[in-house]
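Asks: predicted model and sequence below, questions to follow.
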Number of protein chains: 2
Amino acid sequence: MAKTQITAEPGTQRVVIEREFEAPRELVFRAYTDPELLVRWLGPRELTMTVEEFDVRDGGRWRYVHTDAEGNTYGFRGVFHGTPSPDLTVQTFEFEGMPGHVCLESMTMEERDGRTLVRALSVFQSVEDRDGMVASGMEQGIQEGGEKLEALLAELQAG
Amino acid sequence: MAKTQITAEPGTQRVVIEREFEAPRELVFRAYTDPELLVRWLGPRELTMTVEEFDVRDGGRWRYVHTDAEGNTYGFRGVFHGTPSPDLTVQTFEFEGMPGHVCLESMTMEERDGRTLVRALSVFQSVEDRDGMVASGMEQGIQEGGEKLEALLAELQAG
């Protein structure tokens, strides 16, 4: 299966992340919005994840923390704009290690023949912020997260 | 007094809006966050404004409607990311006439010698969205709004 495609055109403030999954979109949406499922796949393999808050509604807040083997923690938080749905989920995103540098994420899920294409657009406040995020090793976490989600969706459909 | 400065560099997804007011920033912040004051200055002169919701807190939603002389309505809505303060207020912004086209606004207020510089950065999902907003006549509404706010702040300080 194809890996996650990450597009970050030079000089823009955008990152587009696309991946297709062998699963109906309702199930994919559940994996993105149910904290018990989310912690099983989001982010790099070497980090563990704890969801502190995940209020999936218009204005609802979310916050999660990734922890590495040495116990260092990395917190992320944001709010949902509009009612999240497989058609469109819009949220803000901020890494607490860089307060004030917020980005806006919009995600769509499109189902075709039982497969679901997830497309996420992240927009940063500046080209520098975008480049900094790309340089931070974002890609590895996204690729590993996509692989874990693929495996989780297969397990959920087998069970 | 200087007018509002609006910067929209070609080919970017950003608009920066700056204006200095003859008022302490706590008062300016109140004019931005108290719905009774907000309706007296925000937007072009020929529209009337109604605030439907304005919940100034982390995750709080806001929605207002502008109405023209013919009764046409223009709704806008968003959510606050983080706790709004004069130091930093971050919010999403969506014109309901173009659903799904959301932008992210960050505003700072800096006080010097009793004057307050308000700086607002708007980030759009694409260059096209940004150019569309600029072409929509945004500038007139912002200039008129700035003039009305200037007058309102003078009135509040005289009273």
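Replies: It's in. Numbers count the residues shown, from 1 in each chain, chains lettered A, B, ... in the order given.
Asks: what parts of chain A come near chain B?
Replies: A:11-14, A:55, A:58-61, A:78-82, A:88, A:90, A:92, A:94, A:100, A:102-104, A:106, A:121, A:123-127 (C-beta under 8 Å from any C-beta of the partner chain). C-betas here are computed from N, CA, C, even on glycine.
Asks: among those, which are located in helices?
Replies: Under the assignment DSSP state H, those contribute residue A:127 to helices.
Asks: show me how to select, in PyMOL, the buried members of the residues of chain A next to chain B.
Replies: Applying 16 or more other C-beta atoms under 10 Å in any protein chain shown to the residues of chain A next to chain B leaves a buried subset, and the PyMOL line that selects it is:
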select buried, chain A and resi 12+13+14+58+59+60+61+78+79+80+81+82+88+90+92+94+102+103+104+106+121+123+124+125+127
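Asks: doesn't residue A:139 lie inside a helix?
Replies: Yes - assessed by DSSP: H, G, I helix; E, B strand; the rest coil, residue A:139 belongs to a helix.
Asks: the spatially closest residue to it that is not a sequence neighbour: neighbouring residues, count only.
Replies: The shortest distance from residue A:139 to any non-neighbouring residue, by C-beta to C-beta, 6 or more residues apart in numbering or on different chains, is to residue A:6 (5.7 Å). Counted with other C-beta atoms under 10 Å in any protein chain shown, the neighbours of residue A:6 add up to 17.
Asks: tell me the predicted confidence for the residue nearest to the spatial centre of chain A.
Replies: Centroid-nearest residue in chain A: residue A:42, 6.6 Å away (criterion: C-alpha atoms, centre = their mean). Note on residue A:42: pLDDT of 97.
Asks: please apply the same query to residue A:2.
Replies: pLDDT, residue A:2: 62.
Asks: check residue A:133 too.
Replies: At residue A:133, pLDDT is 89.
Asks: outside of the longest strand anywhere in chain A, which residues touch it?
Replies: The residue-count maximum for a strand in chain A (DSSP state E) belongs to strand A:102-112. Here strand A:102-112 makes contact (C-beta atoms under 8 Å, 6 or more residues apart in numbering or on different chains) with A:24-25, A:28-29, A:32, A:78, A:81, A:86-94, A:116-125, A:129, A:133, B:81-82, B:90, B:92, B:100, B:102-104, B:106, B:123, B:125.
Asks: what's the angle between it and strand B:102-112?
Replies: 180 degrees (axes from the mean of the first three to the mean of the last three C-alpha atoms, to 10 degrees).
Asks: so which elements touch the worst-scoring helix or strand of chain A on mean pLDDT?
Replies: Ranking every helix and strand in chain A by mean pLDDT, DSSP states H and E puts helix A:127-135 at the bottom, with a mean of 93. Under the contact criterion of 3 or more C-beta pairs under 8 Å, 6 or more residues apart in numbering or on different chains; DSSP states H and E, helix A:127-135 touches strand A:14-21.
Asks: now do the strand it packs on and helix A:127-135, the angle between them.
Replies: 40 degrees.
Asks: buried ones in the following helix or strand past strand A:14-21, by neighbour count?
Replies: Remark: after strand A:14-21, the chain's next helix or strand is helix A:25-33, criterion DSSP states H and E. Within helix A:25-33, the residues that count as buried by 16+ other C-beta under 10 Å are A:25, A:27-33.
Asks: before we move on, what about stretch A:138-150?
Replies: Buried residues in stretch A:138-150 (16+ other C-beta under 10 Å): A:138-139, A:141-150.
Asks: got the CA coordinates for stretch A:148-158 in CSV?
Replies: Presented in CSV, the C-alpha positions along stretch A:148-158 are these (Å, rounded to 0.1, in the frame of the first residue of the first chain):
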residue,chain,number,x,y,z
LYS,A,148,0.0,2.2,12.9
LEU,A,149,-3.5,3.5,11.8
GLU,A,150,-3.5,1.1,8.8
ALA,A,151,-2.8,-1.8,11.1
LEU,A,152,-5.4,-0.6,13.7
LEU,A,153,-8.1,-0.3,11.0
ALA,A,154,-7.3,-3.8,9.8
GLU,A,155,-7.6,-5.2,13.3
LEU,A,156,-10.9,-3.4,13.9
GLN,A,157,-12.3,-4.8,10.7
ALA,A,158,-11.0,-8.3,11.4
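Asks: what mean pLDDT does that stretch have?
Replies: Mean predicted confidence for stretch A:148-158 is 97.
Asks: so what touches that stretch?
Replies: A:1, A:21-23, A:27-28, A:31, A:37, A:40-42, A:45.
Asks: quick one: these as CSV, columns for distance to residue A:51 too.
Replies: Formatted as CSV, the contacts of stretch A:148-158 follow (distance: C-beta to C-beta, whole Å):
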residue, distance to residue A:51
A:1, 27
A:21, 21
A:22, 25
A:23, 21
A:27, 19
A:28, 18
A:31, 13
A:37, 10
A:40, 11
A:41, 12
A:42, 9
A:45, 18
